[in-house]
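Asks: sequence first, then the predicted structure, then my questions.
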There are 2 protein chains.
Amino acid sequence: MKITYPTLFIIFALCALTSCKEGNKIDIKSESEMAVAKFETKNALSAWADAPKKRIIDWVTAVTTEGASDFIPVADRIAVFDNDGTLWPEQPVPNQAQYMFDYLKKEMPNHPEWQKDAVLNGAAKGDFEPLKKAGMIGLMNLIDKTHTVQTEDEFEASVKTWIDTTMSKKYNRPYNEIVYLPMIQLLDYLKANEFKNFIVSGGGADFMRAFAEEAYDIPPYQVIGSYGETKYEVIDGVPTITKVSGDVYVDDKAGKPQAIHRFIGKKPVFCGGNSDGDQAMMQYTSSSKYKSMCVILHHTDGEREFEYDLKTLSGHLETALVEAKEKNWLVVDMKNDFKTIFNF
Amino acid sequence: MKITYPTLFIIFALCALTSCKEGNKIDIKSESEMAVAKFETKNALSAWADAPKKRIIDWVTAVTTEGASDFIPVADRIAVFDNDGTLWPEQPVPNQAQYMFDYLKKEMPNHPEWQKDAVLNGAAKGDFEPLKKAGMIGLMNLIDKTHTVQTEDEFEASVKTWIDTTMSKKYNRPYNEIVYLPMIQLLDYLKANEFKNFIVSGGGADFMRAFAEEAYDIPPYQVIGSYGETKYEVIDGVPTITKVSGDVYVDDKAGKPQAIHRFIGKKPVFCGGNSDGDQAMMQYTSSSKYKSMCVILHHTDGEREFEYDLKTLSGHLETALVEAKEKNWLVVDMKNDFKTIFNF
């Protein structure tokens, strides 16, 4: 799905425009905390309520019991998960959008040319009116300035520092700790049953890879996301990959099964998601020759997390719920089905 | 590396134009033979001569001995291998080019419109003069007709059938058995030492994935190659990925380290290749913060395999040999360093 209008970042930006003033201000901690939550795997799925827990365990048992009619060979146990809203929160703005605004603010002094740009200057100060007016061109420029003209190492270091040291106002924790405990337990449980877990998310692949191994125990080559162009050069004898302007592959909607084909090359048998953007990869998963399972998180808990479905741009959930009924996908009511949401 | 002139297929076609008449005719076996060679792993690297064997074992020992100064954590043990000319032969034409010609011939009766096309009709009959004259446009059309307007399942089945049943004239074996035993031993040896093996090849990813799991024990999500566009549609209720015309990503030269960034997201510590097309990913591997190793196969054995380096388009080896000396990459003289080349 190569597109000229990158849906992903429209979503990011529109959320920013509509929600950023309400909260999510950030504090920078003086010291990096490497306190990635470590989760117990002994009591598999202990953060889940009984009913959804039973359904997951029943399916895993059916497909991993050798000799059973629904047995899936280990080589075909492919599980795919969306990230934003599925493994960690995406409200009030996706974390990667917050990263963009913070990056702009931090780098502004080093870029006098940005200070003359109303959109960039505004976004860095929390004024999104110029961005609104500039529309797609302004938005693309914002994405470009925050994600390119950086080597792969520079970008990774920048994201790592941000995620280790930036505190979410709502939770007063660094972002890499604010991950859904029941979903981490699910990743662990599947892995323990010899599934291979992949992230297939609209978020930037390079952005997610900077923390996914530590936060989710998912290595970079199992992290599939949106991505842009790069350049390879030997600079002063040093082979260097630089992120550059160009086409962006948006790993959302139909782009998800297409990316699964491109990056994984096998049809998944398990899919976890939370929005209409995940619907195509759930359809694709459901068409497996094996007995498959799809899980949709419905964000119903405004107190412990966020409550949203129809009235949000990031994580809009509507048509996938209809298909979930038809195809018997497991819809998780986060308020009632998650005993605990976070590990704090 | 998104390019308008896909180097890979130029190579394929030029090889075809220059070499096809010399041999490599194929016989179709009446029954599929699933006789994929199984190799012993007890005597690691037994098909290698002592000197290169020692060098490989010394390096693996150095980087896998906990507490040693050159120790590489398991998570960072990424090994990348070219395919054509590195894991299996690429002369007199790369196997994928032979697949294209055979596919054309087989499908010609179903496509009256192809019969009117001098290039397609010629190539199917072994007459490459029209293709020569048509140049790039004719070539792109040939690639397009043999690789697109097929679902992912149809293409996979087509390649699998071809590779299981088509015999190489030189070896009188199906192509999936004609793989280099010393390299299979090397893959096994690295895997046994907790390396993750990836193919990073100019060949088509979808083409290689159809046999790599069986032939090399490398799953599809560790097979990186050239790839084109796809389309996702639900057709009569069935989610379907179709290979379609469009841009082609050519996983060769600078495209290799770029693909490693895109697909793996970690810098390799081991690289195996055989041509100048692998030079960039060897440079990239050599720039690892860890003690890395690069191995170049030099095709010096015209009797047991093929002898070539400068005077071939597929597998041209020249500048990489110069850099190999500078950087102390291991150059394998196949005639003397491979005790056995194939497992038959």
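Replies: It's in.

Asks: buried sites along the helix or strand containing residue A:207?
Replies: If you go by DSSP states H and E, residue A:207 is part of helix A:205-216. Across helix A:205-216, burial judged by 16 or more other CB atoms under 10 Å in any protein chain shown covers A:205-213, A:215-216. The way it works is simple: take the backbone N, C-alpha and C, and place the C-beta from them, glycine included.

Asks: and of those residues, the nearest to residue B:194?
Replies: Set against residue B:194, the nearest of these by CB to CB is residue A:213 (15.8 Å).

Asks: isn't residue A:281 up against residue A:275?
Replies: No. Counting by CB atoms under 8 Å, residue A:281 stays clear of residue A:275, with 11.0 Å between them.

Asks: what sits in contact with each of the two?
Replies: Common neighbours of residue A:281 and residue A:275, counting by CB atoms under 8 Å, 6 or more residues apart in numbering or on different chains, are residue A:82.

Asks: dig out what residue A:197 forms beta bridges with.
Replies: residue A:79 (DSSP bridges).

Asks: was I right about it contacting residue A:186?
Replies: No. Between residue A:197 and residue A:186 there is no contact under CB under 8 Å: 9.1 Å.

Asks: which one of the two is surrounded by more residues?
Replies: Just comparing residue A:197 and residue A:186: by other CB atoms under 10 Å in any protein chain shown the higher neighbour count belongs to residue A:186, 27 against 23.

Asks: element containing that one?
Replies: Counting by DSSP H and E, residue A:186 is part of helix A:181-192.

Asks: what's that helix in contact with?
Replies: Counting by CB under 8 Å, 6+ apart, A:37, A:39, A:41, A:44-48, A:56, A:60, A:77, A:79, A:81, A:86-87, A:197, A:216-218, A:270, A:272, A:295, A:297, A:337-343 sit against helix A:181-192.

Asks: return the residues of the stretch 101-250 of chain A in contact with chain B.
Replies: A:152, A:196, A:198, A:205-206, A:209, A:213, A:219-223, A:227, A:229-232, A:234, A:238-239, A:241, A:246-247 (CB under 8 Å from any CB of the partner chain).

Asks: which ChimeraX command selects the buried ones in these?
Replies: Here is the ChimeraX command that selects only those of those that count as buried (16+ other CB under 10 Å):
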select /A:152,196,198,205,206,209,213,219,220,221,222,223,227,229,230,231,232,239,241
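
Asks: the residues of the stretch 101-250 of chain A next to chain B in strands, which ones?
Replies: A:196, A:198, A:223, A:227, A:229-232, A:234, A:238-239, A:241, A:246-247 (DSSP state E).

Asks: biggest separation within these, which pair?
Replies: Top of the distance list for these (CB to CB): A:196 and A:234, 34.5 Å.

Asks: all the strands of the stretch 201-344 of chain A, in order from the start?
Replies: A:223-235, A:238-249, A:270-273, A:293-300, A:307-308, A:330-333 (DSSP state E, counting those that start in this stretch).

Asks: pick the most buried one from those strands.
Replies: strand A:270-273 (a mean of 29; mean count of other CB atoms under 10 Å in any protein chain shown).

Asks: that one pairs with which strands, and in what direction?
Replies: Going by DSSP bridges, the partners of strand A:270-273 are strand A:78-81 (parallel), strand A:293-300 (parallel).

Asks: using CSV, list the CA coordinates for that strand.
Replies: Extracted as CSV, the C-alpha positions of strand A:270-273 are listed here (Å, rounded to 0.1, in the frame of the first residue of the first chain):
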residue,chain,number,x,y,z
PHE,A,270,-3.9,-15.3,15.6
CYS,A,271,-4.6,-11.5,15.4
GLY,A,272,-5.0,-8.9,18.1
GLY,A,273,-6.1,-5.4,17.3
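
Asks: so how far is it from its chain's centroid?
Replies: Centroid separation for strand A:270-273 versus its chain: 13 Å, with CA atoms, centre = their mean, to the nearest Å.

Asks: phi and psi next, for residue A:104.
Replies: Backbone geometry at residue A:104, expressed as degrees, to the nearest 10, gives phi -60, psi -50.

Asks: tell me how far it lies from residue B:275.
Replies: 44 Å (CB to CB, to the nearest Å).

Asks: quick one: least confident helix or strand in chain A?
Replies: Among the helical and strand segments of chain A, the one scoring lowest on mean pLDDT, DSSP states H and E is strand A:27-28, with a mean of 30.

Asks: which secondary structure elements does the helix or strand that it is followed by contact?
Replies: Later in the chain than strand A:27-28, the nearest helix or strand by DSSP H and E is helix A:50-64. Judged by 3 or more CB pairs under 8 Å, 6 or more residues apart in numbering or on different chains; DSSP states H and E, the packing partners of helix A:50-64 are helix A:181-192, strand A:293-300, strand A:330-333.

Asks: include mean pLDDT and distance to residue B:132 when you put these into TSV, please.
Replies: Formatted as TSV, the helices and strands packed on helix A:50-64 follow (pLDDT from 0 to 100; distance: least, CB to CB, whole Å):
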stretch	mean pLDDT	distance to residue B:132
helix A:181-192	98	53
strand A:293-300	98	51
strand A:330-333	98	58
